[in-house]
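Novice: after the sequence you'll find the predicted model.
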Amino acid sequence: MNGPVVVGVDGSASSLAAVEAAALEAERRGTELHLAHALAWPMAPVQPGVPPWDPDGGGLRESLNVRLGEAERRARKAAPHVTITSDVLLGDAAHVLEAESRTASLTVVGDRQAAGLTGRLSAHGRAPLLVVRGRTERQGPVVLADATSANAAEFAFAEAAERGAELLVLRTRADALRRPLTRLRKRYPGVTVQDRRTRRRSGHALVRASDGAQLVVIASRHRALEMAPGSPGRTLVGRAHCPVAVVPARTGRTVRP
């Protein structure tokens, strides 16, 4: 999919870090960067003649302009030549980003935003989700945490190839019975692949694997259950030492052509 990279903007330091990472991702993909700011509908009544989306008059508009302006400044500093668009969209952040993900090549959020968004976006989002957290330096391997998902595997191989990184594949005993990743090894001959056996794909094992990595890739196979409290995916997203990519296991294209 050649859609834009979409990033959630809320003015926090976490979202600004996500904007910088998203700008670099848009530059690598040769696509646009879209800044999306969700504006929840006010619950309290507003005075007659006041727009319901702006009950504070010009104050809210000014605040939104400041947030989006700072986000655009950060994005241009990270990737000066990327085309940037922005929107203020009515609705809560999870539903807004879910809708925006339908035409995106990648959706990006910060770690502070992730707690309230990851479950919804993993269950219903159409694009891979990148949660920016921990160390963001491009050093260390890309870790594929689920070799049984074709989409996640292809996404991980593509990322390792573009980053010039080694690919570390975590395998459980059950995974050994699956068809090997022969096709992807042939498609990406420049990627060095290392296998690491693990007893089970627990959240703690995934967090340990993220230490020293530059990206961990997991599949969202069982929809919302993958990100339920206490699940391995939720533990990883909340505690990883590096960014985490959550890739839909069965729907949508997950890599660039």
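Specialist: Arrived safely, thanks for sending.
Novice: surely residue 147 meets residue 167?
Specialist: No. Using Cβ atoms under 8 Å, residue 147 is not in contact with residue 167; the gap is 10.2 Å. Glycine gets a C-beta too; all of them are placed from N, C-alpha and C.
Novice: part of a helix, is residue 118?
Specialist: Yes. Counting by DSSP: H, G, I helix; E, B strand; the rest coil, residue 118 is part of a helix.
Novice: contacting residues around it?
Specialist: Residue 118 sits next to 109, 129, 131, 227, 234, 237, 246 when contact means Cβ atoms under 8 Å, 6 or more residues apart in numbering.
Novice: check contacts around the nearest residue to residue 86 once chain neighbours are set aside.
Specialist: Nearest residue to residue 86, sequence neighbours excluded (Cβ to Cβ, 6 or more residues apart in numbering): residue 35, at 3.9 Å. For residue 35, the contact set (Cβ under 8 Å, 6+ apart) comprises 7, 9, 19, 68, 71, 72, 75, 84, 85, 86, 87.
Novice: and residue 147 and residue 167? Which one has more around it.
Specialist: residue 167 (25 against 22; other Cβ atoms under 10 Å).
Novice: so how far is the helix or strand harbouring the residue nearest to residue 86 from its chain's centroid?
Specialist: Assigned by DSSP states H and E, residue 35 belongs to strand 33-39. Offset of strand 33-39 from its chain centre (Cα atoms, centre = their mean, to the nearest Å): 14 Å.
Novice: tell me how far residue 18 lies from residue 148.
Specialist: Applying Cβ to Cβ, to the nearest Å, the value for residue 18 to residue 148 is 29 Å.
Novice: okay, those two: which has more neighbours?
Specialist: residue 18 (30 against 17).
Novice: ok, that one to residue 132 distance?
Specialist: Residue 18 is 4 Å from residue 132, by Cβ to Cβ.
Novice: helix, strand, or coil at residue 234?
Specialist: Under three-state DSSP, residue 234 falls in the helix class.
Novice: how close does it sit to residue 112?
Specialist: 15 Å.
Novice: ok, these two, which is more surrounded?
Specialist: residue 234 (20 against 16).
Novice: strands of the stretch 151-257 of the chain, start to end?
Specialist: Using DSSP state E, counting those that start in this stretch, the strands of the stretch 151-257 of the chain run over residues 167-171, 193-197, 215-220, 244-248.
Novice: quick one on the thing from earlier: who touches both of residue 18 and residue 132?
Specialist: 108, 109, 110.
Novice: give me the neighbour count for residue 77.
Specialist: Neighbours around residue 77, by other Cβ under 10 Å: 11.
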